[in-house]
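S.K.: Got a sequence here, can you model it:
(chains A and B)
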Number of protein chains: 2
Amino acid sequence: MADQGAKKSNAKGGGKKKEVKKETGLGLSKKKDENFGEWYSEVVVNSEMIEYYDISGCYILRPWTIAIWETMQAFFDAEIKKMKIKNCYFPLFVSPGVLEREKDHIEGFAPEVAWVTKSGKSDLEVPIAIRPTSETVMYPYFAKWIRGHRDLPLKLNQWCNVVRWEFSNPTPFIRSREFLWQEGHTAFATKAEADEEVLEILELYRRIYEDYLAVPVVKGKKSENEKFAGGLYTTSVEAFIPNTGRGVQGATSHCLGQNFAKMFEINFENENREKGMVWQNSWAYSTRTIGVMVMVHGDDKGLVLPPKVAAIQAIVVPVPYKDTPMEEIYDACLKTVDTLTKAGIRAEADLSDNQTPGWKYSHWEMKGVPLRIEIGPKDLQKNQVRVVRRDNSAKEDIPVSMLVEQVQDILAKIHENLFNVAKEKRDASIKVAKTWEEFMEALNQKKMILAPWCDEQEVEEDVKKRTKGEIGAAKSLCTPFEQPELPEGTLCFASGKPAKKWTYWGRSY
Amino acid sequence: MADQGAKKSNAKGGGKKKEVKKETGLGLSKKKDENFGEWYSEVVVNSEMIEYYDISGCYILRPWTIAIWETMQAFFDAEIKKMKIKNCYFPLFVSPGVLEREKDHIEGFAPEVAWVTKSGKSDLEVPIAIRPTSETVMYPYFAKWIRGHRDLPLKLNQWCNVVRWEFSNPTPFIRSREFLWQEGHTAFATKAEADEEVLEILELYRRIYEDYLAVPVVKGKKSENEKFAGGLYTTSVEAFIPNTGRGVQGATSHCLGQNFAKMFEINFENENREKGMVWQNSWAYSTRTIGVMVMVHGDDKGLVLPPKVAAIQAIVVPVPYKDTPMEEIYDACLKTVDTLTKAGIRAEADLSDNQTPGWKYSHWEMKGVPLRIEIGPKDLQKNQVRVVRRDNSAKEDIPVSMLVEQVQDILAKIHENLFNVAKEKRDASIKVAKTWEEFMEALNQKKMILAPWCDEQEVEEDVKKRTKGEIGAAKSLCTPFEQPELPEGTLCFASGKPAKKWTYWGRSY
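M.R.: Residues are numbered from 1 along each chain as shown, chains lettered A, B, ... in the order given. Here you go, the predicted structure:
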């Protein structure tokens, strides 16, 4: 179980160190820089975030994962409630006719749709699809509920599971056949309102990545090729994994324009009794966020959790020494946990007596707990505790009288440091390429490439074709909102035509 | 949209009273006492809780519903976290081999299992089941995770959707093909621990019904016939719908014994290095809770929401009079909302200017808002507001200076009254039957029958056969924990054998 060690009630009985050690499989057999893929699988399993499941592409999300998900959910849910967005729940199932109403959209999803054809031993009259996303599930009812301008804006969200039966390389969190997400669906009277909300939501996604997961992201707009099927334009936050040289679409906020409104006849009568058509958005982030966090911060000792999302922010470990009575140390540990808990810090003590302190250090490092607090006889004497940071192994002695303030301070510093280190690595991976040669060179070096582009769809198609290879073709990641200066006369790196914008390119997940 | 009227930003533009009135379909065409089934469908739709969906047995849960669900979820989730139960998420899909591992269990669910057989246009190699419940999904991993006594107890819960493709009479909330629930799954070293948790959880379910939904329930044990397929024993909270004379199983807390542990080989080594087998529980409550609440409290004006779960506890309605300037009244309304909100009361103002106060009264009555606060010129003069209760239409004038205290007090009284009225009706529906004649008479009067029973499975089968009819057979609902005295020599109402206990019987949902 995730944290058996932390349970005091279990802190009895004889030790079986060797057996436990073998079983727990402490330590990683792969290194992040040497074999990233296997390192990642090992980290998510050994840290007790994920258990592989007997159906390929499906994973068990263990409590250590769900605690992270719930923290982000509490933040995001409160924020969208402030925006007067309301939670609802639409069915998991879609009938084929409705699913296929919007042609571009369904083309994007059709190969991945899972179909229910039987119940018990009987065939269904008509096969029923499992939602890959809920645009087509919801919008027939938007058409029903929206009549006049007073029914607008209509702003809904749901927390749910979706299924995309992908066959390419499943990866825990990053690409799974079922995943958890929130999907927001909103309808407005005017494009201006829709545009504004797209960016408001995108900013919340940036905050999830940067303020909670300590992962730097780039805000930008997707190319025509990469935008949401059936939508008008797509904005996203893009993260980057330096080890694999791949971009990751972190979350997307789409303006759907009036395309779905047309297909589903979502009309309204405005103040002047004129008929209008709504402007729609949809936006989502998923459990993928957690995978990006693992990939960015994890190290050869295991997971590294940013304090904001860690189920346990500080683990207190007693360090017995020779004949010192244990009770005193245990009491100090429990008192420390109590003090921290009362100050709102998520702290637990690992008082199990069948493991050495060293075993416990490794165990909680594997699980990525941001701060370890060690308490031994000397600490008792000096009325202090020793704290050890997970992110940089820095040690510090803290007087008990300053416990809360200093732990709070260190947790804030850990977040800051995780973010800064990640940003430095990300920034060091960015390379500007103005020509095809520079582009290919940077791509081979697994860079995130910032290149001037003519913004033509055929050119992106062409880039994809020319870079096709075993490890996947390059494509545009996003056109960042923060545009460097584009001197007049700058040419597209790929087509040689006049460039219109700077765009990020690279391989991606 | 759910509460368009409450948005001040929309409080502009000309009125189109008649049109809106027609479209909103205020008022119910059916009466609760005359045509309960249609009344229920009308209430859940007109109160904007449910929208019927184009796939039979699937329903859209609108924000008015989800707000109730989230309130109960916040309560229950916090309580189980105190019990050290951890949230996780297991896949939606089960492979057939695993699903069928426990024979009694799968027999109970097999006819209702939905099967995915295709993805895109390809057939899957093996059909994959959608979880009807997750015992068989989870327990292979329990076997993997549990090795020694230190891994126990293992206490997990998940909030998710499940699918049971039932063909009998779908009813919103009460019987739907997909529904939301939580399912807890726990494993212990000893039966005593499992037994204790079963009742702890059952008490939480009682609190959901009685303290949140103001619905009286009976705690008890299910008969062998009615217990969970594959489990050892099932406890439940049972509600009763006097209008239809049907019991409703409100939520269940099962002790699974060691049956699943045997099938899935969930073993552990105890302190003395002896091999043991775990004792397991599973327990769940679902969106059915909401349906029970609607059925119990709703009336001919619509939904009646208990204050604890109402998204809006108090709706403030301005009552203009002739030439009084509206602004002053609007300001008083907003100030009232502000005062109440700051005191933690969920209040909103309905300032839309295209509806009459009367329209608004009906609208918010239909939606079941517990308290209406009216503010007109006279109230302004007297520095008071008028409050009108949804449950009993009682009116009262409250001085503005006492607003918060009195509203809090009235909300508490509304809860109490809803519960008491429901309990009186429920109690009036209970009939003691000592003979088969008395039993049949009471059944025909749609009663919840308390009868002395020999507790033999064949006798229950026999009761079912003998009462089979168009509106369904009678069965045992539960054996209440609170047992009336059973004088020696009392005979079973059905078999004439010596009775062992008092058991509730009736038709049920």
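
S.K.: hang on, A:Gly276 is in a strand, isn't it?
M.R.: Yes - according to DSSP: H, G, I helix; E, B strand; the rest coil, A:Gly276 belongs to a strand.

S.K.: Identify the bridge partners of it.
M.R.: Counting by DSSP bridges, A:Gly276 forms beta bridges with A:Phe268.

S.K.: quick one: contacts for it?
M.R.: A:149, A:189, A:267-270 (C-beta atoms under 8 Å, 6 or more residues apart in numbering or on different chains). (Each C-beta comes from the backbone N, C-alpha and C, glycine too.)

S.K.: Lowest pLDDT pick from the residues you listed?
M.R.: Minimum pLDDT across the contacts of A:Gly276 is recorded for A:Asn270, with 89.

S.K.: so what's it up against?
M.R.: A:149, A:189, A:276.

S.K.: Apply 10 Å and report the result again.
M.R.: Applying C-beta atoms under 10 Å, 6 or more residues apart in numbering or on different chains to A:Asn270 gives the contacts A:148-149, A:152, A:189-190, A:276, B:13.

S.K.: circling back: now the contacts of A:Gly276 in JSON lines, with distance to A:Ala310?
M.R.: JSON lines is the format used below for the contacts of A:Gly276 (distance: C-beta to C-beta, whole Å):
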{"residue": "A:His149", "distance to A:Ala310": "46"}
{"residue": "A:Ala189", "distance to A:Ala310": "43"}
{"residue": "A:Asn267", "distance to A:Ala310": "48"}
{"residue": "A:Phe268", "distance to A:Ala310": "46"}
{"residue": "A:Glu269", "distance to A:Ala310": "51"}
{"residue": "A:Asn270", "distance to A:Ala310": "50"}
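
S.K.: what's the closest of these to B:Lys501?
M.R.: Ranked by distance to B:Lys501 (C-beta to C-beta), the contacts of A:Gly276 are led by A:Phe268 at 61.3 Å.

S.K.: how close does the closest one sit to chain B?
M.R.: Distance of A:Phe268 to chain B, given as C-beta to the nearest C-beta, to the nearest Å: 11 Å.

S.K.: so how many other residues sit close to that residue?
M.R.: A:Phe268: 21 surrounding residues under other C-beta atoms under 10 Å in any protein chain shown.

S.K.: Kindly report the same for A:Glu48.
M.R.: A:Glu48: 20 neighbours (other C-beta under 10 Å).

S.K.: before we move on, which element is it in?
M.R.: A:Glu48 belongs to no helix or strand when elements are defined using DSSP states H and E.

S.K.: returning to what we had before: pick the one among the contacts of A:Gly276 closest to B:Ala114.
M.R.: Of the contacts of A:Gly276, the one sitting nearest to B:Ala114 (C-beta to C-beta) turns out to be A:Asn267, at 35.0 Å.

S.K.: What about that closest one, how many residues nearby?
M.R.: For A:Asn267, using other C-beta under 10 Å, the count is 14.

S.K.: Pull the contacting residues for it.
M.R.: A:143, A:146-147, A:261, A:275-278.

S.K.: which residues in the stretch 401-509 of chain A form helices?
M.R.: Assigned by DSSP state H, counting those that start in this stretch, the helices in the stretch 401-509 of chain A fall at A:403-429, A:436-444, A:457-467.

S.K.: so how far is the first one off the chain centroid?
M.R.: Meaning helix A:403-429. 18 Å (C-alpha atoms, centre = their mean, to the nearest Å).

S.K.: swap in stretch A:484-504?
M.R.: 31 Å.

S.K.: That one: which residues count as buried?
M.R.: A:490, A:492-495, A:499, A:501-504 (16 or more other C-beta atoms under 10 Å in any protein chain shown).

S.K.: Among the residues you listed, which pair sits farthest apart?
M.R.: Counting by C-beta to C-beta, the most remote pair of these is A:Ser495 and A:Tyr504, 17.1 Å apart.

S.K.: and stretch A:347-364, anywhere near chain B?
M.R.: Yes - using C-beta under 10 Å from any C-beta of the partner chain, stretch A:347-364 reaches chain B at A:352, A:354-355.

S.K.: what's the average pLDDT for that stretch?
M.R.: 95.

S.K.: Let's see the distance spanning that stretch from one end to the other.
M.R.: 12 Å (C-alpha to C-alpha, to the nearest Å).

S.K.: So what's the gap between the helix or strand encompassing A:Tyr361 and the chain middle?
M.R.: Assessed by DSSP H and E, A:Tyr361 sits inside helix A:357-366. Mean C-alpha position of helix A:357-366 versus that of the full chain (C-alpha atoms, centre = their mean) differs by 26 Å.

S.K.: Could you do stretch A:26-45 as well?
M.R.: That offset, for stretch A:26-45, works out to 19 Å (C-alpha atoms, centre = their mean).

S.K.: follow-up on the earlier one: mean neighbour count, mean pLDDT and distance to A:Asn35 for the helices of the stretch 401-509 of chain A - can I get that in TSV?
M.R.: Output for those, formatted as TSV (neighbours: other C-beta atoms under 10 Å in any protein chain shown; pLDDT from 0 to 100; distance: least, C-beta to C-beta, whole Å):
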stretch	mean neighbour count	mean pLDDT	distance to A:Asn35
helix A:403-429	17	98	18
helix A:436-444	17	97	20
helix A:457-467	15	97	24
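
S.K.: and the ones you listed as a markdown table, adding distance to chain B?
M.R.: A markdown table is the format used below for the helices of the stretch 401-509 of chain A (distance: least, C-beta to the nearest C-beta, whole Å):
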| stretch | distance to chain B |
| --- | --- |
| helix A:403-429 | 21 |
| helix A:436-444 | 31 |
| helix A:457-467 | 22 |
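
S.K.: Mind checking those helices for the one nearest to B:Pro452?
M.R.: helix A:403-429 (62.0 Å).

S.K.: For the closest one, enumerate the helices and strands it packs against.
M.R.: strand A:233-241, helix A:288-297, strand A:314-318, helix A:326-342, strand A:371-375, strand A:384-389, strand A:395-399, strand A:448-453 (3 or more C-beta pairs under 10 Å, 6 or more residues apart in numbering or on different chains; DSSP states H and E).

S.K.: Right, I'll call it a day here.
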